[in-house]
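In: sequence? don't have it. structure:
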């Protein structure tokens, strides 16, 4: 079984306007990096659209329709100052969530060892009924809930190493005893959630906040001391990764100092744990990362480790 890459050209058509950090060049940079010879055996699949039923596991149907109805016929529309819509945004958002659903299907059916979803818009800030932080639908939460509904995976874990706390994923999953959410992130920082005291209704949330200027040592300590032991105790049947690369030292939107080797390390640790508890089943989903060179190199390191798992 190979690592499978899920993406779709429609994800490039989500136009956020001049100067917006979450722009089509991000995905172009990622996909270009994955054309390197190291990724010759990376299997590539086109992401389908998520259905209304799939999205409604994470979001009310009325919210899904509200977002799709807000897509402008031309120009741009703003949900908030950060979250911008264009005519291509609806199709991009459906393909982004659909990529995660398809990746979960492939991994849970044994058709792939693991998978990476190179998609945009990102998702981890999208709450149950609120779009924010560049995010429309919560791609990883849609995938987690699909895994249970369709494949009977009763315990699903999401691990998030984006520099920003995934408030949306926590919001959607924290009341569900069969779901687990863990995050390392700079704190305090947008969106002002993710304190260590936030534990979830079933003690199923682990936040490991990092102070500004933290680097490799602090990140690896947080993962080793807080996240991996809790994840092992939870014993998930599937691990999803919210793979944001904006904690990189070159990234302009925050102040952590990770490098490519840190992303390779955490990927290897999560893949090792997945082999011990859930037959190696891992689905990773692109979130943030706003320096193109750092994003491309970090993403390549991440996917290469998935291929070695």
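Out: Cool, the structure landed. If you're wondering where the values come from, they're calculated on a predicted model, not measured in any experiment.
In: ok, residue 160 - contacts?
Out: Residues in contact with residue 160, defined by C-beta atoms under 8 Å, 6 or more residues apart in numbering, are 124, 140, 166, 169, 181-185, 241-242, 244, 287. All C-beta atoms are positioned from the backbone trio N, CA, C, and that covers glycine.
In: Residues in a beta bridge with it, which ones?
Out: residue 183, residue 242 (DSSP bridges).
In: got any ranges where the stretch 201-309 of the chain has weak pLDDT?
Out: Within the stretch 201-309 of the chain, no stretch falls below the threshold (pLDDT under 70).
In: Can you list the residue ranges for strands in the stretch 51-200 of the chain?
Out: For the stretch 51-200 of the chain, applying DSSP state E, counting those that start in this stretch gives strands covering 77-78, 84-85, 114-117, 156-160, 179-186.
In: Including mean pLDDT, could those strands go into CSV?
Out: Formatted as CSV, the strands of the stretch 51-200 of the chain follow (pLDDT from 0 to 100):
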stretch, mean pLDDT
strand 77-78, 98
strand 84-85, 98
strand 114-117, 98
strand 156-160, 99
strand 179-186, 98
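In: Out of the ones you listed, flag the one nearest residue 42.
Out: strand 114-117 (8.4 Å; C-beta to C-beta).
In: Against residue 277, how distant is residue 290?
Out: Applying C-beta to C-beta, to the nearest Å, the value for residue 290 to residue 277 is 33 Å.
In: Next: residue 233.
Out: Distance, residue 233 to residue 277, by C-beta to C-beta: 10 Å.
In: ok, the contacts of residue 160 vs residue 220, which is closest?
Out: residue 184 (9.7 Å).
In: picking that back up, residue 233 and residue 277: who's more crowded?
Out: When residue 233 and residue 277 are compared for neighbours, residue 277 comes out ahead with 18 against 10, by other C-beta atoms under 10 Å.
In: Return the residues in contact with the more buried one.
Out: Here residue 277 is in contact with 232, 235, 236, 237 (C-beta under 8 Å, 6+ apart).
In: again, only this time at 7 Å
Out: If you count contacts by C-beta atoms under 7 Å, 6 or more residues apart in numbering, residue 277 has them with 232, 235, 236.
In: In ChimeraX, how would I select the buried members of the residues you listed?
Out: ChimeraX command restricting the contacts of residue 277 to the buried ones, with burial defined by 16 or more other C-beta atoms under 10 Å:
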select :236
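In: middle-most residue in this protein, spatially?
Out: Closest to where the C-alpha atoms of the chain average out (C-alpha atoms, centre = their mean) is residue 242, at 2.7 Å.
In: can you pull the contacts of it?
Out: Applying C-beta under 7 Å, 6+ apart, the residues near residue 242 are 124, 140, 158, 160, 162, 166, 169, 285, 287.
In: Looks like the third one contacts residue 169 (just checking).
Out: Looking back up the chat, that one is residue 158. Yes: between residue 158 and residue 169 there is a contact under C-beta atoms under 7 Å: 5.7 Å.
In: Include distance to residue 37 when you put the contacts of residue 242 into JSON lines, please.
Out: Listed next are those as JSON lines, based on distance: C-beta to C-beta, whole Å:
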{"residue": "124", "distance to residue 37": "31"}
{"residue": "140", "distance to residue 37": "30"}
{"residue": "158", "distance to residue 37": "32"}
{"residue": "160", "distance to residue 37": "30"}
{"residue": "162", "distance to residue 37": "28"}
{"residue": "166", "distance to residue 37": "33"}
{"residue": "169", "distance to residue 37": "34"}
{"residue": "285", "distance to residue 37": "25"}
{"residue": "287", "distance to residue 37": "27"}
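In: List just the nearest of those to residue 132.
Out: Using C-beta to C-beta, the contacts of residue 242 come closest to residue 132 at residue 124, 10.5 Å.
In: State the distance from the closest residue to the closest one other than its chain neighbours to residue 44.
Out: Excluding the flanking residues, the one nearest residue 124 by C-beta to C-beta, 6 or more residues apart in numbering is residue 166, at 3.5 Å. Separation of residue 166 from residue 44 (C-beta to C-beta) stands at 27 Å.
In: Between these two, point out the one with more neighbours.
Out: residue 166 (36 against 12).
In: which one of the contacts of residue 277 sits closest to residue 104?
Out: Distances from residue 104 to those, taken by C-beta to C-beta, are shortest for residue 236, at 12.7 Å.
In: Quick check: closest non-adjacent residue to the closest one.
Out: Using C-beta to C-beta, 6+ apart, the closest residue to residue 236 is residue 157 (3.7 Å).
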